[in-house]
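In: pasting a predicted model and its sequence here:
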Amino acid sequence: MFDVHTHNKQNAVANAIVNCGIGDDFSLYPHFSLGIHPWDVSESWACAFADLNRTLEGLFESGGISRLSAIGEIGLDKVCGVSMEQQLACFEAQLLLASHYGKPVIVHCVKAVDELLAVFARLRFGKPVVFHGFRGKAEQARQLLSKGFYLSFGPRFHAESLRLAYASGRMFLETDDSCMDISEVYASASKALNISATDICVPGIFSSAAI
């Protein structure tokens with residue numbers, strides 16, 4: 001049972017990607033993601049981006065980059081009160097970093113799907129993209145799946161969207177910032193899919209021995 005995105009650092013096990021901050025001790029986590037969340041973007045985002053860039057360079061030089069599963073969570077959020085112009089600039093800069101290091105991205109997106117898709121199209125981003133915590137309805141799920149994106153579902157989801165993603169081979173499950181165990185999310189998904197939780201398969205896009 002693979003947890004593609006968790007903020008619970010107690011879940012630092014071989015089958016989880018732990019969402020980290022720049023100042024965290026990455027040696028504690030078998031697999032982790034790293035990026036500037038849209039909520040944390042400010043007028044001085046370039047300074048945070050410089051820190052992120054230096055951190056990735058250090059991981060590359062030390063060999064720790066292999067445990068970096070993804071750049072994220074990054075993205076766009078229209079309801080967080082941060083300037084969309086600043087969010088877009090920071091998001092695009094991080095996508096370029098992901099391309100440079102050959103990493104997938106874990107995306108946070110709130111009411112900004114069109115803007116997000118426009119960025120990916122303009123940059124011709126070629127690495128896997130996981131929309132985390134997806135709660136959209138089937139129509140939006142079809143739109144994203146048709147463009148090759150992956151959808152990750154947490155404790156709350158639309159069952160039809162989950163079934164569409166699973167049928168497309170582009171479904172992940174996650175605990176996000178909840179206190180749930182990933183087995184509970186798998187149990188909920190298994191009911192919607194009408195299969196055993198142990199029979200649920202997720203895509204092997206990450207360089208993780210857990211998948």
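Out: Good, I have the coordinates. These figures come from a predicted structure and were not determined experimentally.

In: with just CA atoms, put stretch 99-117 into PDB.
Out: Provided in PDB are the C-alpha atoms of stretch 99-117 (Å, rounded to 0.1, in the frame of the first residue of the first chain):
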ATOM      1  CA  SER A  99      12.900  18.900 -15.700                       C
ATOM      2  CA  HIS A 100      16.600  19.500 -14.900                       C
ATOM      3  CA  TYR A 101      16.700  16.800 -12.300                       C
ATOM      4  CA  GLY A 102      14.300  14.500 -14.200                       C
ATOM      5  CA  LYS A 103      11.700  14.400 -11.400                       C
ATOM      6  CA  PRO A 104       8.000  14.000 -11.400                       C
ATOM      7  CA  VAL A 105       5.900  16.800  -9.800                       C
ATOM      8  CA  ILE A 106       3.200  16.600  -7.100                       C
ATOM      9  CA  VAL A 107       0.700  19.400  -7.800                       C
ATOM     10  CA  HIS A 108      -1.500  21.400  -5.500                       C
ATOM     11  CA  CYS A 109      -4.300  23.000  -7.500                       C
ATOM     12  CA  VAL A 110      -7.300  25.000  -6.200                       C
ATOM     13  CA  LYS A 111      -9.700  26.600  -8.800                       C
ATOM     14  CA  ALA A 112      -6.800  27.100 -11.200                       C
ATOM     15  CA  VAL A 113      -6.900  24.100 -13.500                       C
ATOM     16  CA  ASP A 114      -7.000  26.100 -16.700                       C
ATOM     17  CA  GLU A 115      -4.000  28.300 -15.700                       C
ATOM     18  CA  LEU A 116      -2.100  25.200 -14.600                       C
ATOM     19  CA  LEU A 117      -2.700  23.300 -17.800                       C
END
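
In: mind listing what's buried in that stretch?
Out: Within stretch 99-117, the residues that count as buried by 16 or more other CB atoms under 10 Å are 99, 103-109, 112, 115-117. Quick note: C-beta positions are derived from backbone N, CA and C, even for glycine.

In: repeat for stretch 154-162
Out: So, applying 16+ other CB under 10 Å, buried residues of stretch 154-162: 154, 157-158, 161-162.

In: what about those, which are in helices?
Out: In helices, defined here by DSSP state H, the members of those are 161-162.

In: good, we can wrap up now.
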